[in-house]
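J.: quick one, structure for this:
(chains A and B)
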Amino acid sequence: MTSLPTHTDRKLGLVIDLDTCVGCHACVVSCKGWNTENYGAPLSDQDPYGAQPSGTFLNRVHSYEVQPSAGAAQLVHFPKSCLHCDNAPCVTVCPTGASYKRQEDGIVLVNEDACIGCGLCAWACPYGAREMDMAAKVMKKCTLCVDRIYNANLPEVDRVPACVRTCPSNARHFGDLSDPDSDVSQLVAQRGGMDLMPEQGTAPVNKYLPPRIKDRLDQTDQIDVLAPFLTPVTDQPKGFLGWLDKALDRI
Amino acid sequence: MHPAPSIIAFTTLSGLGFGLMVWLGIGMPGSTGLVAFVFFAIAYALAGGGLIASAFHLGHPERGLLAFTQWRSSWLSREAVLAVATLIVMGFHAVGRVFFAADWVPLGWLGAVLALGTVIATSMIYAQMKTVPRWRNPLTPALFLALSLGGGALLAGQVTWAVILLPLAAALQLAYWWQGDRAFATSGTTMASATGLGHIGQVRAFEPPHTGPNYLLREMVHVVGRKHAVKLRVIGFSLGYALPVVLLLVPFSHVLGALAVISHIVGILATRWLFFAEAEHVVGLYYGRR
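T.: Modelled structure (predicted):
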């Protein structure tokens, strides 16, 4: 049924910290790996080792340069995947009922057995979160690793989306954004979490934490971060080097 | 947006076919027998041919029947339901006209209303897209409707109506272009709102997430060919609107009528190509492109 639920019991989603993301693309790789081997059709590649490689990804990391009116420019790495919108336009346009939003946790999913591959949901998404798989000819999107987060066969620490589990800089957080006391909701409240393209009226569940202002980027001569490591730790060699030092002095 | 030939052919030809069905449904012309057969055959070839062309666009056409299930929420599903309902109702109407020389008026009018509904549903698939500011405007369904009725009148030999409706469609086309060229800027969606980084400073795309093309760029960030947009607008407008009206205003002959139809179809195909190629999707902003 492609009508949206009037409310969802929970709002599972991601909080992505643009301040700590280092742009390593580990989340992209782990997402591709997990979602190729598990739920639904694999994420195919076309011409992967040729001149025009192309493939299906559910998560991609852009990089932006932000130039303030005064001071140094700032580089922001920007991971982007499905935002599991409350008012998901991709769901209502689907002619077959393949695209749906779950009432129990708010996850937006595609029933690949009912997808006719018309591509209209990808048109309706302002974020570019949906990609048609060129081999399976069905629409692929982030499932929030629905086959991990409820998987009792996995150790509890692994019951989070693959991208969150793998992020080496803890820039990705997973939780219930409808619960104001959850860790993710508190993080959003403390750091001023924001919606992408709020004017599109999609009411995204995923939130982005804005990067902190880097106000001393243009004063690098005053904060030499390497200086403490470059000062000599000893000026009196001991042991073999000490003997060698003395022996050479005597010659 | 990527101008897929199957979609351009579908929207142009089926729009014309359903427009012709409107006129046939309300008995203009109210011909019977062999003449009616030829009219209905043309209408079915255009409308049905367009529907088949659109099926080539699908990844899994064998699951197409599912597309009739979501008419409560989806314009694409509504279009499918209305198109098939039109073809069935008009089929019975055609049987009456061709074989029994009978004009079953209520059936014809029902078919005409369903045909109009199909064209509106087609246009709403595009007009509903908030992600494509150029399309999201009441002018989109107005233009599709006027084109369908004007082109239908041309095919149905309703010269008076064609000479009224084609200039109306031409005016709507100019209005659509005029407002479309401003739509993206006034939509409020920018790189600043897309990234949420606008409060820090000027946002510039530094590095894309991938070194090659992907589905998003192929499907929604089609910038190739926009450089010929102005020329194509002139060609499309001249062939699609101006020339057919001129050909209809000179004393009628079947040769000139056929020329007017061909010119109209070629011109509308050109404007329909532009309808897609010029439409900028907001996802391009994430790539620093339009």
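J.: for A:I223, report the pLDDT, please.
T.: At A:I223 the predicted local confidence, pLDDT, stands at 65.
J.: got the contact list for residue 126?
T.: Went with chain A since none was named. A:89, A:197, A:200, A:202, B:130-131, B:189, B:194, B:282-283 (CB atoms under 8 Å, 6 or more residues apart in numbering or on different chains). C-beta coordinates here come from the backbone N, C-alpha and C atoms, glycine included.
J.: think we crossed wires, I meant chain B
T.: Taking CB under 8 Å, 6+ apart, one finds B:132, B:135, B:140, B:275 in contact with B:Y126.
J.: element containing it?
T.: helix B:105-127 (DSSP states H and E).
J.: please put the alpha-carbon coordinates of that helix into CSV.
T.: In CSV, the C-alpha atoms belonging to helix B:105-127 read as follows (Å, rounded to 0.1, in the frame of the first residue of the first chain):
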residue,chain,number,x,y,z
VAL,B,105,-24.3,9.0,-26.7
PRO,B,106,-23.9,8.3,-22.9
LEU,B,107,-21.2,5.7,-23.7
GLY,B,108,-19.4,8.1,-26.0
TRP,B,109,-19.4,10.9,-23.4
LEU,B,110,-18.2,8.6,-20.7
GLY,B,111,-15.3,7.6,-23.0
ALA,B,112,-14.6,11.2,-23.7
VAL,B,113,-14.5,12.0,-20.0
LEU,B,114,-12.2,9.0,-19.3
ALA,B,115,-9.9,10.1,-22.1
LEU,B,116,-9.6,13.6,-20.7
GLY,B,117,-8.9,12.0,-17.3
THR,B,118,-6.1,9.9,-18.7
VAL,B,119,-4.4,13.0,-20.2
ILE,B,120,-4.7,14.8,-16.8
ALA,B,121,-3.3,11.8,-15.0
THR,B,122,-0.3,11.7,-17.4
SER,B,123,0.4,15.4,-16.9
MET,B,124,0.0,15.1,-13.1
ILE,B,125,2.8,12.5,-13.0
TYR,B,126,5.1,15.3,-13.9
ALA,B,127,3.3,18.3,-12.3
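J.: which SSE is immediately downstream of it?
T.: Later in the chain than helix B:105-127, the nearest helix or strand by DSSP H and E is helix B:139-156.
J.: that following helix packs against which elements?
T.: Based on contacts counted as 3 or more CB pairs under 8 Å, 6 or more residues apart in numbering or on different chains; DSSP states H and E, the elements that helix B:139-156 packs against are helix B:5-25, helix B:33-55, helix B:105-127, helix B:159-186, helix B:254-277.
J.: just want the angle from the helix holding B:Y126 to helix B:33-55.
T.: Angle between the axes of helix B:105-127 and helix B:33-55 is 30 degrees (criterion: axes from the mean of the first three to the mean of the last three CA atoms, to 10 degrees).
J.: for the record, mean pLDDT for helix B:105-127?
T.: In this model, helix B:105-127 carries a mean pLDDT of 96.
J.: surely B:M21 meets B:A43?
T.: Yes. Counting by CB atoms under 8 Å, B:M21 touches B:A43, with 4.9 Å between them.
J.: between these two, which is the more surrounded one?
T.: Neighbours were tallied for B:M21 and for B:A43 using other CB atoms under 10 Å in any protein chain shown; the higher tally belongs to B:M21 (34 against 28).
J.: so what's that one closest to, chain neighbours aside?
T.: In space, B:M21 comes closest to B:A115 once its chain neighbours are excluded; the distance is 4.2 Å by CB to CB, 6 or more residues apart in numbering or on different chains.
J.: for A:H173, same thing?
T.: Taking CB to CB, 6+ apart as the measure, A:H173 lies nearest to A:V15, with 4.3 Å between them; neighbours along the chain are not counted.
J.: strand partners (parallel or antiparallel) of the helix or strand encompassing the one you found?
T.: For A:V15, the host element (DSSP H and E) is strand A:12-17. Under the criterion DSSP bridges, strand A:12-17 sits next to strand A:172-176 (antiparallel), strand A:207-209 (parallel) in its sheet.
J.: pretty sure the residue nearest to B:M21 sits against B:G19.
T.: Yes. With contacts counted by CB under 8 Å, B:A115 reaches B:G19, the gap being 7.4 Å.
J.: which residues in the stretch 51-200 of chain A form helices?
T.: A:89-92, A:120-124, A:146-149, A:162-166, A:183-191 (DSSP state H, counting those that start in this stretch).
J.: got the contact list for the closest residue to B:I268 other than its chain neighbours?
T.: For B:I268, ignoring the flanking residues on the chain, the nearest one in space by CB to CB, 6+ apart is B:G240 at 4.6 Å. The contact partners of B:G240, by CB under 8 Å, 6+ apart, come to B:170, B:173, B:263-264, B:266-268, B:270-271.
J.: now do A:T92
T.: With contacts defined as CB under 8 Å, 6+ apart, A:T92 is in contact with A:2-4, A:124, B:73-74.
J.: pick out the most distant pair among those residues.
T.: By the measure CB to CB, those have their two most distant members at A:S3 and A:A124, which lie 14.6 Å apart.
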